[in-house]
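S.K.: coordinates only, no sequence provided:
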């Protein structure tokens, strides 16, 4: 296999929060009736269906609720094509669509106590009632994004690959020291 | 003269002296000062000049309502004009300059306007600059522009040195205003467990109560405020923001609040301003009230100030506006100013009260303190020029003919009563009601701004709700605190002083001191037929100054109502619009500046292009290389070289920006048959077909190659700019019209880096990479295969937009850069070079291929472009089919696509029209065609063009004239649009 380079090429930055490019990450889009998709996800990944705007995390894979007929599986870059094929077989002839989209997005990790304050500067989201495992599809400044909480102080954000640099710069800008707001405490 | 008092000043810290300059003159203030209090403390009363007459102006207020004391602040990249000294916190090294005068603040040539006031009546501009009409643009406009505006704009080359940001916040209750009403309302909501955000526009909380000295629950207002604030700070469900002005209330509880994070510490490593974009379940406006000036002759002289502002300066900053101050009033509250001055050791010349008698608790206190109280008295006029020297007194209910006494004084504190700050209540539709007893408009609780549920979402409390006494304020805000404060006797509405003032006096009574609108101007407007308050505002410029009429509004419309002989509520108010006070342009931009002004979309090879010095062309939010100039090569030469490279050997194009939409499902064939004009469902798996998409009207919308991936899936390529639009178009039809069709659309545009390998040596390059068979037999023209190339999983399309042997190769985007470099290495022996969008355009134009956006403009149907072959005659329906059958679309008289060759080989100007003699029915120049694409073709060594020409294809060989760039004409022959390899032999090898 040729050299795999994520859009942000492993960038890291520090400010009000720690920012890190998650690097090449496997992603699989599933479209279809959620009952159908849920069965396939259970059979192939051993994971339950996420509730609305939630993430179910397991060993080696997370399943993200994206819309009433869409899921996104996050997994290892190398295993994504194989898992996609397994999901396709599990779905059989049912009306459902599986697509590997590992290269279509960038995944950025934010960590630190002020992560919500930083996100609130770019995303019109109420982060007050936002437990671990919750997810929002929203925008980051001027582009589409999704954010979810992976632990008390760890967050993940995905955006399209072509605007990864834009989102990264926007995050670095609003996370500069001196911009503390103490909105979420 | 104004001066600093020896003791006192609850907000200043005398241990922190701060040096600053005003017009280059060194002055000193203290930490906690505003620029206004520091200037007054340093004896600087004169702060600027008025807009129209260039009259000398001094500070009149102590807060956001200030109309006069505006200065230019800072210098260079931090220079900002029209800053209110009253809301500017002092810092060491502050540099302020006065505005709107020449050559100096003290001596201003423009002040001659003031002597000519008879010639500058209301509506001056409308009356003067009417005839002759040709003067509008070349004489009047330059004159008006030169004299317009107060402060200077920052230098064109300067760039804001600071950073700005925005933040989204959500709460159950947003309380606007940190006075006692706001604090009580915030506490009450917070105690109920609601999420509360409390914003206060100044740095200090407590509003008027802490200055006026009420006693709340047995403690000083100051101690009570501190306790409330401490309690709020300690609650997890409360966010308290000072230096934060709520600037506008919008639909659905949306409120913008402007936080001046670091104005008071320039150069600090902080965002200067932050815009809070708040969604509130409910909004409480506890915005207080603004004192009204009184209209007497000479009320605009520096040294004439609002009574409560005088009190603020004395109590908060230990600054007195004068050595001997006259207080003039129509209410009891102003006696507090007399008492505060007296307590601070400043002489009070007298309290001049327009009421027949002043016998309330406060006048009694004043008399007890030995302050002279004059009842039924008016200021006839103020004496002095650039400063107050005295006031001439007459009976209030007179025409001012008889002055009975002239009082010596060097400052005047005036109070005409109070007007609740109803701006935020009104922004989103809250209605007002006239309060007879207070002579002001207050929020009508029966007609609040309504939310989506039809319920009011704003509540006004305290003074902002028209409750002026401190005890009532707290009760109105839901507090049961016991308040001890002097009772106040009723005020007397006074709109003019003396009551029957003659014309000469009225012409010296300022309503709007910044824009120089006087009582006489509003009366003249009424006489001239201006009955609407909105029209009068624009005619006289009353309330159009930077303070937006905060002081002048009620006084002005009272004068107008009187002149029209109708009650004030019938006249109504002008419209309150956001922002409450101006907010910075920087904070509106927020983080969006420099590199992140807007999203820049980058392909996987973007950085490589940039490193190679690509000249960029914006395509949507993408940047695509236009060409790759080498050394000192011109763009034109680079484009020619790239074209020759492609035609002669092999070139590479980054085609990643093309839209790639996966259409999949049992009904996918049916769906693409509806979307495209041609029959797509018959396309065999493994093959590609060029397709056209039209809108319902039949107009060409997008084009691209469709590849059939499997029995139930198609990959639809769109134009670079069209991917998102076409995705939305497909989803629209699937979600709204054909919701029962089993089709999914997934946008795979960004999943793949796509590289076109183009030219006679293209196959050799791929063969060097190794892997899949790319021979003509294994991969014929207009087919696709999947496999590995150079170790990278790839989908290879044999499609050509150049007429050459061409492969478009899609690889995972993360491997795009590596694959690109493999191609460069493999192609080195053929001199491989990247080519840009301009070469792409010329290559396709040589072949007569259309480009969406060049040959189409939303009024062009495929038949116009000779694309009838791509329109299915077999299909029962497709989007645009009926549109194309309309009379005008099937007319033989349409402009149709042809090639154009100039007789002299020159390049036609882009967009040039082919004129015809005569006029159209609309009276415009008649034309018979226009140029849609035009280039110099290095392959053919001459200019080539495509254009839409009336009945063009029927006129092959005819020579017609087009406009030339120089204004003349160029002759061009109508030819076939395909200039190169018409048989298509080169692409199918």
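M.R.: That came through fine. As the structure is a prediction and not an experimental result, all values here were calculated from the model. Numbering: from 1, shown residues only, chains lettered A, B, ... in the order given.

S.K.: what score does residue 121 have for pLDDT?
M.R.: Using chain A. Per-residue confidence (pLDDT) for residue A:121: 98.

S.K.: wrong chain, I was asking about chain B
M.R.: So, for residue B:121, pLDDT stands at 71.

S.K.: test my guess that residue B:188 contacts residue B:477.
M.R.: Yes: at 7.2 Å, residue B:188 counts as touching residue B:477 under the criterion of CB atoms under 8 Å. All C-beta atoms are positioned from the backbone trio N, CA, C, and that covers glycine.

S.K.: neighbour-wise, which of these two wins?
M.R.: residue B:477 (29 against 19; other CB atoms under 10 Å in any protein chain shown).

S.K.: separation between the more buried one and residue B:596?
M.R.: 42 Å (CB to CB, to the nearest Å).

S.K.: repeat that for residue B:245.
M.R.: 26 Å.

S.K.: likewise for residue B:534?
M.R.: 41 Å.

S.K.: now residue B:678
M.R.: Distance from residue B:678 to residue B:596, by CB to CB: 42 Å.

S.K.: residues from the stretch 251-400 of chain B in reach of chain A?
M.R.: Residues of the stretch 251-400 of chain B lying near chain A by CB under 8 Å from any CB of the partner chain: B:268, B:269, B:270, B:271, B:274, B:277, B:279.

S.K.: among those residues, which are in strands?
M.R.: Cross-referencing those against strands under DSSP state E gives B:271, B:274, B:277, B:279.

S.K.: quick one on the thing from earlier: just the buried members of the residues of the stretch 251-400 of chain B next to chain A?
M.R.: B:270, B:271, B:274, B:277 (16 or more other CB atoms under 10 Å in any protein chain shown).

S.K.: out of those, which comes closest to residue B:305?
M.R.: Ranked by distance to residue B:305 (CB to CB), these are led by residue B:274 at 32.3 Å.

S.K.: which strand residues bridge the closest residue to the closest one other than its chain neighbours?
M.R.: Spatial nearest neighbour of residue B:274, excluding adjacent residues (CB to CB, 6 or more residues apart in numbering or on different chains): residue B:259 at 4.3 Å. Per DSSP bridges, the residues bridged to residue B:259 are residue B:244, residue B:274.

S.K.: residue B:259: neighbouring residues, count only.
M.R.: 25.

S.K.: tell me the contacts of it?
M.R.: B:241, B:243, B:244, B:273, B:274, B:275, B:276 (CB atoms under 8 Å, 6 or more residues apart in numbering or on different chains).

S.K.: next one: residue A:161
M.R.: Residue A:161 sits next to A:7, A:103, A:104, A:105, A:106, B:604, B:750, B:813 when contact means CB under 8 Å, 6+ apart.

S.K.: before we move on, what about residue B:269?
M.R.: Here residue B:269 is in contact with A:176, A:177, A:178 (CB under 8 Å, 6+ apart).

S.K.: make TSV out of the residues you listed and add pLDDT, secondary structure and neighbour count.
M.R.: As requested, these are exported to TSV (pLDDT from 0 to 100; DSSP: H, G, I helix; E, B strand; the rest coil; neighbours: other CB atoms under 10 Å in any protein chain shown):
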residue	pLDDT	secondary structure	neighbour count
A:176	97	coil	18
A:177	97	coil	10
A:178	97	coil	13
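
S.K.: residues touching the lengthiest strand in chain A, excluding its own?
M.R.: Longest strand in chain A by number of residues (criterion: DSSP E): strand A:143-151. By CB under 8 Å, 6+ apart, the surrounding residues in contact with strand A:143-151 are A:55, A:57, A:64, A:66, A:72, A:119, A:123, A:125, A:130-140, A:155-160, A:163, A:166-167, B:599.

S.K.: any idea which helix or strand carries the residue at minimal distance from the centre of chain A?
M.R.: Closest to where the C-alpha atoms of chain A average out (CA atoms, centre = their mean) is residue A:158, at 4.6 Å. Using DSSP states H and E, residue A:158 sits in strand A:154-160.

S.K.: other SSEs contacting that strand?
M.R.: Judged by 3 or more CB pairs under 8 Å, 6 or more residues apart in numbering or on different chains; DSSP states H and E, strand A:154-160 is in contact with strand A:105-111, helix A:115-120, strand A:143-151, helix A:164-174.

S.K.: deepest of these, which one?
M.R.: helix A:115-120 (a mean of 25; mean count of other CB atoms under 10 Å in any protein chain shown).

S.K.: for that one, packing partners?
M.R.: Counting contacts by 3+ CB pairs under 8 Å, 6+ apart, helix A:115-120 packs against strand A:154-160, strand B:163-176.

S.K.: if I pick residue B:298, what's in contact with it?
M.R.: Residue B:298 touches B:304, B:381, B:382, B:383, B:384, B:508, counting by CB under 8 Å, 6+ apart.

S.K.: per-residue pLDDT of the closest residue in space to it that isn't next to it in sequence, please?
M.R.: Closest residue to residue B:298 apart from its sequence neighbours, by CB to CB, 6+ apart: residue B:382 at 3.2 Å. Per-residue confidence (pLDDT) for residue B:382: 98.

S.K.: same question, residue B:474
M.R.: On pLDDT, residue B:474 comes in at 95.

S.K.: that one contacts residue B:216, doesn't it?
M.R.: Yes: if you go by CB under 8 Å, residue B:474 and residue B:216 touch, sitting 7.1 Å apart.

S.K.: what do those two both touch?
M.R.: B:180, B:481, B:483.

S.K.: now the second one: which helix or strand?
M.R.: Pointing back at residue B:481 there. Per DSSP H and E, there is no helix or strand for residue B:481.
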